[in-house]
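Everything below, folded, please.
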Amino acid sequence: MHVAAAAIFADDPVLRAEHLDRAGEPEAARAYLAAAKAQAILFRQDQAIALSARGLALATKAHDTFELAMLVGELQLDAGHGTEALGAYVQALAVASENADRCRAPLGCASSNRLIARVDEAFSGLAEAEPLAGSHSDDRALAEIHYLRGNLHFARGQLVECRSEHELALEAARRVESPEWQARALSGLADAQFMDCRMATALSHFAGCVDLCEAHGLTRIAVPNRVMMGHCRIYTCEFDLGLEDMRMALEAAVRIGNRHAEMFATQSLGMCLIAAGRYDEADKVQPEALEQARTLKARRYEAAILGVSAEVALSRGLRTEALALARKGREISETGPGFVGRYSTVSSPLVEHKRQDQEVALAAGEALLAQGSVGPNYFWFRRYAIERALLFENWNEVDRQADALLLRMANEPLAYASQLAERGRQLARRGRGEATETDDERVRLLTAVAAGADMRIDALGIALRRI
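Alright, predicted model coming up:
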């Protein structure tokens, strides 16, 4: 009867698979494969995962086991479940026989390890896959390999390597005429520009990636790139537009069931809000972001969220809590401070209790930047250092930090950096007793411009004077 029912429901892949399952038919496993893919197209992520997992449990042939395990891995990866995805890809690798399959499975492992911040393991997976892809001139696989490697370099703050890998990814994607991997490569190149603090250029690349995604229905790729559009707008002082990008991405992430993208968008909202000095609003989203990151075991993001939370605590006069949060962020960083340092390491000069410890933290931050770090780290460190120097009325240090900030941003000046530097210089002149009426007017103008962007440019300074 179940076999007959499966035939009746030939146009309903889910019912067909379930009836074949109950009938004990060998083809049930592949029927579940088809059903899961159909549900995935409809963004029914949880159903697709459950169906593919059931098919995997029934599979007896190596090829079926491989295809179903790869699908489970892909679906879990799209949902932001790095650990579960890794388990599925490892199962696929165990039964892979063809060279193409032995290339695809390590790529899945590398993607999963990247998601859960196991960077060394991700690099190893790519090194295993690349010779197999090269021997068959598999440009699609090569595009993925170079793209993933570029992202890993991004996580480590390695600008030159990041840009080079994404350029190779774009070349391979164009050879195979893949809109998906062209979009991903454009995203990677945008990341490289973002890392170099060329935010207007990065915004253009991210927007181009999102446009390509929307033209080809690549919603999953579009979501994190729209979030990054919002990040770029922070530095151009377009905070409300940035928040709009992030909220649009958050809604799409929830709709398609991508929990990692949901966490990223939520975390980004908090970061944008503290950049604008809107601490009360940021405080409302931080607990949720932290819970999501811990659930997903996304340690790199957890460290960043703790750093943002430290500034929020500081704004409430809770220096001890802020210090604990910042230190915890440093402790759990697993990819090195090149990426997350802007929240955990570079904020330390503000949260340490003793002035001597603050000086040590300042020196550590300077050393971090000297070693090479992602561009935004320079911005955030100088932001904190300027406010601390103003607090202690060290006017020469204010000027030095402002000059260093503008020098790093000289290739593509940023509105936010310019405002911070100019405000610091003008307040230093006032502190020395050198300010003129023109200088006072400039300070008032800066404050008015910031207010027009719904930005509390003096919020951090006010918070520091409370503690």
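
Strands along the stretch 1-150 of the chain, start to end?
Read by DSSP state E, counting those that start in this stretch, the stretch 1-150 of the chain holds no strands at all.

Helices along that one, start to end?
Secondary structure of the stretch 1-150 of the chain (DSSP state H, counting those that start in this stretch): helices at 2-8, 13-23, 28-41, 45-58, 62-78, 82-95, 99-115, 119-135, 139-155.

Out of those, flag the one nearest residue 197.
Nearest of the helices of the stretch 1-150 of the chain to residue 197, taken as C-beta to C-beta: helix 139-155 at 13.7 Å. C-beta: built from backbone N, CA, C; applies to glycine.

Report the angle between that closest one and helix 99-115.
20 degrees (axes from the mean of the first three to the mean of the last three C-alpha atoms, to 10 degrees).

can you give me the mean pLDDT across helix 139-155?
In this model, helix 139-155 has a mean pLDDT of 91.

swap in stretch 324-338?
Here the average pLDDT along stretch 324-338 is 69.

got it, and stretch 274-289?
92.

For that stretch, list the C-alpha coordinates in PDB.
C-alpha atoms of stretch 274-289 as PDB (Å, rounded to 0.1, in the frame of the first residue of the first chain):
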ATOM      1  CA  ILE A 274      27.900  52.000  20.100                       C
ATOM      2  CA  ALA A 275      29.800  53.700  17.200                       C
ATOM      3  CA  ALA A 276      27.000  56.200  17.200                       C
ATOM      4  CA  GLY A 277      27.100  56.600  20.900                       C
ATOM      5  CA  ARG A 278      23.600  55.100  21.300                       C
ATOM      6  CA  TYR A 279      24.500  53.000  24.300                       C
ATOM      7  CA  ASP A 280      21.000  52.400  25.600                       C
ATOM      8  CA  GLU A 281      19.900  50.900  22.300                       C
ATOM      9  CA  ALA A 282      23.000  48.800  22.000                       C
ATOM     10  CA  ASP A 283      22.500  47.400  25.400                       C
ATOM     11  CA  LYS A 284      19.100  45.900  24.200                       C
ATOM     12  CA  VAL A 285      20.700  43.800  21.500                       C
ATOM     13  CA  GLN A 286      23.900  42.700  23.000                       C
ATOM     14  CA  PRO A 287      22.600  39.900  25.300                       C
ATOM     15  CA  GLU A 288      20.800  38.200  22.300                       C
ATOM     16  CA  ALA A 289      23.900  38.500  20.100                       C
END
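
Distance from it to the middle of the chain?
Relative to its chain's centre, stretch 274-289 lies at 17 Å (C-alpha atoms, centre = their mean, to the nearest Å).

Return the set of buried residues in it.
For stretch 274-289, a neighbour-count test (16 or more other C-beta atoms under 10 Å) marks 274-279, 281-283, 285-286, 288-289 as buried.

re earlier: could you dump the helices of the stretch 1-150 of the chain into a markdown table and include distance to residue 360 and mean neighbour count?
A markdown table is the format used below for the helices of the stretch 1-150 of the chain (distance: least, C-beta to C-beta, whole Å; neighbours: other C-beta atoms under 10 Å):
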| stretch | distance to residue 360 | mean neighbour count |
| --- | --- | --- |
| helix 2-8 | 70 | 14 |
| helix 13-23 | 61 | 20 |
| helix 28-41 | 52 | 21 |
| helix 45-58 | 47 | 21 |
| helix 62-78 | 41 | 23 |
| helix 82-95 | 35 | 20 |
| helix 99-115 | 33 | 23 |
| helix 119-135 | 28 | 18 |
| helix 139-155 | 27 | 24 |
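
Mind putting those into a markdown table with distance to residue 445?
Shown next, in a markdown table, are those (distance: least, C-beta to C-beta, whole Å):
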| stretch | distance to residue 445 |
| --- | --- |
| helix 2-8 | 74 |
| helix 13-23 | 63 |
| helix 28-41 | 53 |
| helix 45-58 | 50 |
| helix 62-78 | 48 |
| helix 82-95 | 48 |
| helix 99-115 | 45 |
| helix 119-135 | 45 |
| helix 139-155 | 37 |
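
Residue 447 and residue 414, how far apart?
According to C-beta to C-beta, to the nearest Å, residue 447 and residue 414 sit 18 Å apart.

Could you check which of these two has the larger neighbour count?
Taking residue 447 and residue 414 together and counting by other C-beta atoms under 10 Å, residue 414 has the greater number of neighbours (24 against 16).

residue contacts, the more buried one?
197, 199, 235, 236, 379 (C-beta atoms under 8 Å, 6 or more residues apart in numbering).

Would you quantify the distance from it to residue 89?
For residue 414, the distance to residue 89 - C-beta to C-beta - is 40 Å.

quick one, what contacts the residue nearest to residue 212 when sequence neighbours are not counted?
Of all residues not flanking residue 212 in the chain, residue 183 sits nearest, at 4.6 Å (C-beta to C-beta, 6 or more residues apart in numbering). Shown in contact with residue 183 (C-beta under 8 Å, 6+ apart): 209, 212, 213, 216, 218, 221, 225.

Okay, and which of those map to helices?
Among those, DSSP state H puts 209, 212, 213, 216, 221, 225 in helices.

Just say helix, strand or coil for residue 411.
Counting by DSSP: H, G, I helix; E, B strand; the rest coil, the backbone at residue 411 sits in coil.

next one: phi and psi at it?
phi -70, psi -30 (degrees, to the nearest 10).

Can you give me the neighbour number for it?
For residue 411, using other C-beta under 10 Å, the count is 11.

measure it to residue 196 for me?
8 Å.

How about residue 393?
Counting by C-beta to C-beta, the gap from residue 393 to residue 196 is 34 Å.

who's more crowded, these two?
residue 196 (20 against 12).

who's in contact with that one?
For residue 196, the contact set (C-beta under 8 Å, 6+ apart) comprises 159, 375, 411.

Looks like the last one contacts residue 198 (just checking).
Right, the one you point to is residue 411. Yes. At 6.5 Å, residue 411 counts as touching residue 198 under the criterion of C-beta atoms under 8 Å.

Next, the contact list for the residue positioned nearest the centre of the chain, please.
Closest to where the C-alpha atoms of the chain average out (C-alpha atoms, centre = their mean) is residue 264, at 5.9 Å. Counting by C-beta under 8 Å, 6+ apart, residue 264 makes contact with 224, 227, 253, 301.

pLDDT wise, what is it at?
94.

any idea how far stretch 320-329 is from the chain center?
22 Å.

what comes up buried for it?
So stretch 320-329, judged by 16+ other C-beta under 10 Å, has buried residues 321, 322, 323, 324, 325, 326, 327, 328, 329.

pretty sure residue 301 is touching residue 263, no?
Yes. Using C-beta under 8 Å, residue 301 is in contact with residue 263, at 6.5 Å.

Indicate which one of the helices of the stretch 1-150 of the chain is closest to residue 294.
That would be helix 82-95 among these, by C-beta to C-beta, at 12.6 Å.

Helix 99-115 and that closest one, what's the angle between them?
Going by the same axes, to 10 degrees, helix 82-95 makes 160 degrees with helix 99-115.

Alright, calling it a day.
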